[in-house]
Every structure is written in C-alpha cells, then in structure tokens.
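Novice: Based on what follows, work out the 3D shape:
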Amino acid sequence: MLRTITDDNWNLIGNPYPSALGVNEFLTFPSNNTIVGGIRIWTHGQLPTNAVDPFYQDFITNYYPSDYITINLTGATSGPGDYKIGSGQGFMVLMNPGTPGSSSVTFNNSMRSASFANNQFYRNSTIENNADTIEQNRIWLDLVGSTGAVNRMLVGYVTNATQDEDALYDSFTDYKPSQNFYSLIGNDPMSIQGRALPFNVNDRVNLGVTIPQEGTYNIAISALDGLFETTNQNIYIEDLENNIIHNLKDSPYTFSASEGNITDRFV
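Specialist: Below is the predicted model:
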C-alpha cells in the first residue's frame, strides 16, 4: 500500500497527570489547533491473530486496526459515552499534514477537573453513558463480515459541526485495513463525520466499504442517541447498485460484494 500524506504525521503522546483530562478541553485548547481528527486510543480489545503480513510474509502476528477508538467533538467510534483521558493513558494524535514544520502539544491544569472520573484506562474497559452537554444526534453503524469481523463508523449532527471537513468534528481513516467502513466527505474517507444542525430529514451521506473477500456482509445500527433515539425518525440506507432503499431501524441490511474499495454504492 502506498504511503499517504498523513503517514508521517502521527504522534504517540499521553496524559502526564495523576488525574483525568477532558477530551474536549484538550482538543479545543488554542495551541493544540494543529491536531486533526481528535485522539485515537488503543483498546486492546482483541488478541492478535496468527496471520502473516500479506506483503512481506514475515510478521508472526497482526493486530486489528479496529481496536483503536477515535474520539473527537462529534463523539467516539465505540459508541455513546462521556469520555475522559485517564491518568497515564497513551493516545495517538494526527498533526495537520500541511507545510513542513514543528509544533508542540500543550497539557495544563485547565484540562483537569475534580469532577472527572479517572477510572477509564483502555485495556478491556467499558464506558458508562452520561448526558451530553451540547446537542448531539448520532448514528453508529457497523459493517459485519461473514467471519464476524466488525467495523464501526459514526455520523453525528452536532453543535458547531459543518458539512465540510472540520478538524475537531471529522476524523480521517484510510483504505489500508482489509475490511473498513466509513463515510465520505468528497473523496476523503471518515471514521467520524460531524454534520451541521439543524438536522435535515433529506440529508444524504455517502458511505464506503472496503471488502476483504467476496461474500455476504451486513450493515446494522449499533447505537443511536438524540433525535434518532427519542423520535420516530427513520434511518435509511440506499444501495444504488441494487436499487434498494432499506430502513435500518427495521433490520440490518444484507448485501453481497466482491473484494475491493466500494465508494459509489451506498448512501
């Protein structure tokens, strides 16, 4: 797989304090404005596989890219929750792939609070759901493969997001994982996409899938919040290839596909 413009802009950092940090407070701190897409935390939710690397054939084990959860101001790919960065928690950030240069990430006490729970440290942890403080209306969708592999993406209609690419509300993914699920802003694949308010019932979001091998797959709702949970608003997926519009609130959508990246079939 060819390198992309973002490949050399990833940085591994961590919470240096003996208390939790707020994700929103960290991301919106003025001098952290070169961070794009939020933070990514390795959850170690699945054990490594014994599959060898498909290119060099020399890796003893492979890890699952889906074990990263991405968190930004729209939400988290893992589902609803009130997210904090625990004491000592390491995480990845992507710096703006613009003009070459150097920049620093700032941590300070304004990002801490005595009210922040410090019991979220990602190994195999779960996250409790708490009330959001801004308007958030979100849809988490899963792509489920024939082997049970799952990829999750998020589309959210949230305060301050726009239909364009927003550094703090949209999070970039790529076509490297053998199985992946994403929305599209133009030609750019997103694991999280923030959309503008007020919600428009006619809004359409292009979706893409990366299929590892020919077979049968399912697209299903994982979680909902906001108006999608509290009203009768339906959520439809359109399969342009088969000329089908299906209500995902009734049942998952099952389809067959061949191996490859498919970016012009689903809405």
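
Novice: I figured residue 96 hits residue 167, correct?
Specialist: Yes. Contact status for residue 96 versus residue 167: in contact at 7.4 Å, counting by CB atoms under 8 Å. For every residue, glycine as well, the C-beta is placed using N, CA and C.

Novice: Between those two, which is the more surrounded one?
Specialist: residue 167 (18 against 15; other CB atoms under 10 Å).

Novice: contacting residues for that one?
Specialist: Contacts for residue 167 were tallied using CB atoms under 8 Å, 6 or more residues apart in numbering; they are 33, 35, 36, 37, 96.

Novice: I'd like these laid out as a markdown table, including distance to residue 221 and secondary structure.
Specialist: Shown next, in a markdown table, are the contacts of residue 167 (distance: CB to CB, whole Å; DSSP: H, G, I helix; E, B strand; the rest coil):
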| residue | distance to residue 221 | secondary structure |
| --- | --- | --- |
| 33 | 34 | coil |
| 35 | 30 | strand |
| 36 | 28 | strand |
| 37 | 24 | strand |
| 96 | 33 | coil |
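
Novice: Now for the residues you listed, which sits with the most neighbours around it?
Specialist: Ranked by the number of neighbours (other CB under 10 Å), the contacts of residue 167 place residue 37 first, at 26 neighbours.

Novice: I'd like the distance between that residue and residue 200.
Specialist: 24 Å (CB to CB, to the nearest Å).

Novice: quick one on the thing from earlier: need the overlap of contacts for residue 96 and residue 167.
Specialist: Common neighbours of residue 96 and residue 167 (CB under 8 Å, 6+ apart) are 35, 36.

Novice: Residue 21 contacts residue 84, doesn't it?
Specialist: Yes. Assessed by CB under 8 Å, residue 21 is found in contact with residue 84 at 6.6 Å.

Novice: any residues in contact with both of those two?
Specialist: Shared contacts of residue 21 and residue 84, counting by CB under 8 Å, 6+ apart, come down to residue 116.

Novice: Which stretches in the stretch 1-150 of the chain count as helices?
Specialist: Ranges of helices within the stretch 1-150 of the chain are 23-28, based on DSSP state H, counting those that start in this stretch.

Novice: per-residue pLDDT, the residue nearest to residue 90 when sequence neighbours are not counted?
Specialist: Leaving aside its chain neighbours, residue 90 sits nearest to residue 14 (4.0 Å; criterion: CB to CB, 6 or more residues apart in numbering). Listed pLDDT for residue 14 reads 93.

Novice: can you pull the contacts of residue 14?
Specialist: Residue 14 sits next to 88, 89, 90, 91 when contact means CB under 8 Å, 6+ apart.

Novice: Quick check: the farthest pair among those residues?
Specialist: Largest separation among the contacts of residue 14 by CB to CB: 88 and 91, giving 10.8 Å.

Novice: Give me the more crowded residue out of the two.
Specialist: When residue 88 and residue 91 are compared for neighbours, residue 91 comes out ahead with 23 against 12, by other CB under 10 Å.

Novice: In contact with residue 9, which residues?
Specialist: 94, 95, 96, 97.

Novice: least confident pick among those residues?
Specialist: Scoring these by pLDDT puts residue 97 last, at 73.

Novice: what number of residues lie near that one?
Specialist: Neighbours around residue 97, by other CB under 10 Å: 14.

Novice: list the residues that contact both of residue 88 and residue 91?
Specialist: 14, 15.

Novice: Give me the pLDDT value at the closest residue to residue 210 other than its chain neighbours.
Specialist: Nearest residue to residue 210, sequence neighbours excluded (CB to CB, 6+ apart): residue 180, at 4.0 Å. On pLDDT, residue 180 comes in at 94.
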